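Peer 1: I would like to see how this sequence folds:
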Amino acid sequence: MAMYVRMRFTFICIMVFSHRKIKTYRDIPDIHLAISTVIYRTVAYHARGCI
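Peer 2: Numbers count the residues shown, from 1 in each chain. Got it, this is the predicted structure:
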């Protein structure tokens, strides 16, 4: 459970960070999309493991 909470916290931090980055590099949405996809897959994988 602690691992899941830590993952969520990291996920939120990365989301905030990448949101700030996309404002700075508005012309590179592909990197943002790629990072989001990787994070989503990682979170989904971990969530499946917890359940």
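
Peer 1: Just give me the neighbour total for residue 35.
Peer 2: A count of nearby residues for residue 35, using other Cβ atoms under 10 Å, gives 16. Placement of C-beta: from N, CA and C, glycine included.

Peer 1: which SSE is it in?
Peer 2: Residue 35 is part of helix 29-50, with elements assigned from DSSP states H and E.

Peer 1: That helix: which residues count as buried?
Peer 2: 35, 39 (16 or more other Cβ atoms under 10 Å).

Peer 1: And that helix, what does it pack against?
Peer 2: Identification of packing neighbours for helix 29-50 by 3 or more Cβ pairs under 8 Å, 6 or more residues apart in numbering; DSSP states H and E yields helix 2-24.

Peer 1: Tell me the confidence at residue 30?
Peer 2: Listed pLDDT for residue 30 reads 68.

Peer 1: again with residue 2
Peer 2: The model reports residue 2 with a pLDDT of 70.
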